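**Student:** One predicted model, sequence on top.
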Amino acid sequence: MLVTLVVGGGSWYMIEDVKATMREHDLSQIGNGVPAIVQIHDPQCPRCVALQREARTALCEFENDQLQFLVANVMNSEGRQLAAAHGVGNITLLLFDGEGRRRNVITGSYDSAYLTEAFRQHVSRYGGI
């Protein structure tokens, strides 16, 4: 019985994690009415992984209807196209308003405190909240 609960709980967690990852990679959400932070991300780049961790920590300060986090993986064509369209490389965050217009670019590695403040300013300007 205990094994069933552990396996069932673990399976549920994995399914939810996969769903969240799939949502993060759905770049069609840009311009859906909610401001977006889009990370230009190379999953093999340690600095990209570190930036992603810090950005996710910063995003814990916001509700899902205030700000969404998306990932443009440069290992696939859609991610590469978005990066090229905005003239940026990896280790970059693109900040979009709810209409899908790019409003800011953050390039480089930053800690969650810096990103929280940058995201807060973005939401206050473009979130309508």
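**Tutor:** Everything's here; your move.

**Student:** Going by residue numbers, what spans are helices in the chain?
**Tutor:** Here the chain has its helices, by DSSP state H, at 2-24, 46-59, 77-85, 112-126.

**Student:** Where among those helices is average confidence lowest?
**Tutor:** When those are compared by mean pLDDT, helix 2-24 comes last with a mean of 52.

**Student:** which residues does the nearest residue to Ile106 once chain neighbours are set aside contact?
**Tutor:** Nearest in space to Ile106, with sequence neighbours left out and distances taken as C-beta to C-beta, 6 or more residues apart in numbering, is Leu93 at 4.3 Å. The way it works is simple: take the backbone N, C-alpha and C, and place the C-beta from them, glycine included. Neighbouring residues of Leu93 by C-beta atoms under 8 Å, 6 or more residues apart in numbering: 37-40, 51, 55, 105-107, 115.

**Student:** hey, what's Leu93 bridged with?
**Tutor:** In this entry, Leu93 is beta-bridged to Gln39, Ile106, by DSSP bridges.

**Student:** that older thread, among the contacts of Leu93, name the buried ones.
**Tutor:** Among the contacts of Leu93, those buried by neighbour count (16 or more other C-beta atoms under 10 Å) are 37-40, 51, 55, 106, 115.

**Student:** In JSON lines, list the residues you listed along with distance to Ala83.
**Tutor:** Below are these laid out as JSON lines (distance: C-beta to C-beta, whole Å):
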{"residue": "Ile37", "distance to Ala83": "15"}
{"residue": "Val38", "distance to Ala83": "10"}
{"residue": "Gln39", "distance to Ala83": "10"}
{"residue": "Ile40", "distance to Ala83": "5"}
{"residue": "Leu51", "distance to Ala83": "14"}
{"residue": "Ala55", "distance to Ala83": "16"}
{"residue": "Ile106", "distance to Ala83": "14"}
{"residue": "Leu115", "distance to Ala83": "19"}
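
**Student:** Please identify which of those residues is nearest to Gln68.
**Tutor:** Checking the buried ones among the contacts of Leu93 against Gln68 with C-beta to C-beta, the nearest one is Ile37 at 7.3 Å.
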